[in-house]
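In: fold the following for me, if possible:
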Amino acid sequence: MILVLWLMLPILVENVVYRHINNGLVEKKEKFIDHLNKKEINDFIENSDDSTEEYSQFSTLHSEFLVLSKIAGKPHQKKTTFSNDYRTIEGEENEYRILQYHFTYESQGYQLEIGSSLSEVNDLTFIIRLFIIIVLVVILLVTFVADTVYIEYLLKPFYKIIDTKIRRVNEPEAFDHTPINAKSRDFRELDLVLNQMMDRIGELFKKEKQFISNVSHELLTPIALLKNKFENLLQNDSLDDNAIDKIAGALRTLDMLKKIINNLLLISRIENNQYEANEKINFKEILNDLQEDLQDRIEDKEIQFSNQIKHDFIFTGNKTLIHILIYNLVINAIKYNKPKGSIVVEDGFYNNQYYIAIKDSGIGMNAAQIEKVFNRFARISSDQDGQGLGLAIAESIAVFHRIEIKVTSEINEGSNFTLMFPEVPLPN
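Out: Here you go, the predicted structure:
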């Protein structure tokens, strides 16, 4: 509205101020005409300093002027017009509102011009416009600050709901059901609906995890029975070599199926928080044990394994799960490495966070493979053995211990898996 007023100011000035000036000029014209006579006209002509038979009279401050001049011929009718024009008076140019009046006196045509200076009006218009702009800026600033503060106050419960009940929740079990203190009925209703929704989601998560756990347990029993039957069949001397090969293949398939089920059970137990995390873990000992356990596989591919763990970092968690986590990362580095390649395991501190990096010189991964590397049953190469659950298990264990896994890789250049630990003790 203020901006519209600022834009409409010239029209307002023209309709209001100019009307007032016009009325004043008409009054002056009528007074001048009423007192006009031949003697005064002759005096005007005699007092004129030039030969144009024109008489001029000015106010001392050049705010008004009056000009009377003869014109050739007679005007057809008395006519009054108004216009804006610039006039130079005693070397000073100003803009005036000018009344022009044509009339006849004793068969002689005359033109009367009465002008009123517009300088004060223009100055006033400029001041008003400047004032309106200042008011507009002040109102905008005050409105913005007031609205921001008021909206922040009004939406404070909403931000609290977002922060405490959505942003910080990574799983349904961690959801906070404490009601939010809000005066608005809408926010209380939102809080209630969120609580009810998370209750339903949490229940569905529990049912899904319980289902996976139950199915896995139930599948282990028939697998064990089938394995026993196949092993008993192998004891039968009447079987030929072809039958023995088929039974041995079936046993390998059952072993692979049992391994998949056990891995799924492990993931389910980790996600259901069925493990304790209160053991002191020394990573230097774990890496030394892993190097001994995997020495045969390392030598089979002629891989140079370099254990550069230097810090005696003690971490509180589940030792078995941490062992599985690092084991899966190292076995992955061996599996996808090149013959006569290298594996380097090193540790250190970055931004006061302890890390363990496992680098290999293997086949590497592209960006699409890195994005899916922790998905269940995802495999980097179809030529390699495995079920694609090793890194999925590693990620579940890392999430359980609040460890961040960072992956960088380049095709044919190798991969780097870095474990960033949450605790920040001083390095030894």
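
In: and the helices in this structure?
Out: Taking DSSP state H, the helices of the chain run over residues 2-12, 18-34, 38-47, 119-154, 156-162, 185-234, 241-271, 283-293, 295-300, 319-335, 367-371, 390-400.

In: include mean pLDDT, mean neighbour count and distance to Asn84 when you put those into JSON lines, please.
Out: (C-beta placed from N, C-alpha, C; glycine too.) JSON lines is the format used below for these (pLDDT from 0 to 100; neighbours: other C-beta atoms under 10 Å; distance: least, C-beta to C-beta, whole Å):
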{"stretch": "helix 2-12", "mean pLDDT": "73", "mean neighbour count": "12", "distance to Asn84": "12"}
{"stretch": "helix 18-34", "mean pLDDT": "86", "mean neighbour count": "14", "distance to Asn84": "9"}
{"stretch": "helix 38-47", "mean pLDDT": "64", "mean neighbour count": "12", "distance to Asn84": "26"}
{"stretch": "helix 119-154", "mean pLDDT": "82", "mean neighbour count": "12", "distance to Asn84": "10"}
{"stretch": "helix 156-162", "mean pLDDT": "77", "mean neighbour count": "15", "distance to Asn84": "58"}
{"stretch": "helix 185-234", "mean pLDDT": "80", "mean neighbour count": "13", "distance to Asn84": "59"}
{"stretch": "helix 241-271", "mean pLDDT": "83", "mean neighbour count": "15", "distance to Asn84": "84"}
{"stretch": "helix 283-293", "mean pLDDT": "88", "mean neighbour count": "15", "distance to Asn84": "90"}
{"stretch": "helix 295-300", "mean pLDDT": "89", "mean neighbour count": "11", "distance to Asn84": "99"}
{"stretch": "helix 319-335", "mean pLDDT": "91", "mean neighbour count": "20", "distance to Asn84": "87"}
{"stretch": "helix 367-371", "mean pLDDT": "88", "mean neighbour count": "12", "distance to Asn84": "71"}
{"stretch": "helix 390-400", "mean pLDDT": "89", "mean neighbour count": "21", "distance to Asn84": "80"}
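
In: of those, which is nearest Tyr101?
Out: Nearest to Tyr101 among those is helix 18-34; the distance by C-beta to C-beta comes to 5.6 Å.

In: quick one: end-to-end distance for stretch 314-325.
Out: 16 Å (C-alpha to C-alpha, to the nearest Å).

In: over to stretch 70-90?
Out: Termini of stretch 70-90 sit 22 Å apart (C-alpha to C-alpha).

In: can you tell me what sits against it?
Out: 18, 22, 25-26, 29, 53-54, 58, 62, 65, 93-104, 107-111, 115, 118 (C-beta atoms under 8 Å, 6 or more residues apart in numbering).

In: now stretch 100-115: average pLDDT?
Out: For stretch 100-115, the mean pLDDT works out to 83.

In: put the alpha carbons of it into PDB.
Out: C-alpha atoms of stretch 100-115 as PDB (Å, rounded to 0.1, in the frame of the first residue of the first chain):
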ATOM      1  CA  GLN A 100      -3.100  32.100 -19.300                       C
ATOM      2  CA  TYR A 101      -6.200  34.300 -20.000                       C
ATOM      3  CA  HIS A 102      -7.100  35.900 -23.200                       C
ATOM      4  CA  PHE A 103      -9.500  38.900 -23.200                       C
ATOM      5  CA  THR A 104     -10.400  42.100 -25.100                       C
ATOM      6  CA  TYR A 105     -10.400  45.500 -23.500                       C
ATOM      7  CA  GLU A 106     -11.700  48.500 -25.600                       C
ATOM      8  CA  SER A 107     -11.300  46.500 -28.900                       C
ATOM      9  CA  GLN A 108      -7.700  45.500 -28.000                       C
ATOM     10  CA  GLY A 109      -6.700  41.900 -27.400                       C
ATOM     11  CA  TYR A 110      -4.600  41.100 -24.400                       C
ATOM     12  CA  GLN A 111      -3.000  38.000 -22.800                       C
ATOM     13  CA  LEU A 112      -2.600  37.800 -19.100                       C
ATOM     14  CA  GLU A 113      -0.200  35.300 -17.500                       C
ATOM     15  CA  ILE A 114      -0.100  34.700 -13.800                       C
ATOM     16  CA  GLY A 115       2.400  32.100 -12.500                       C
END
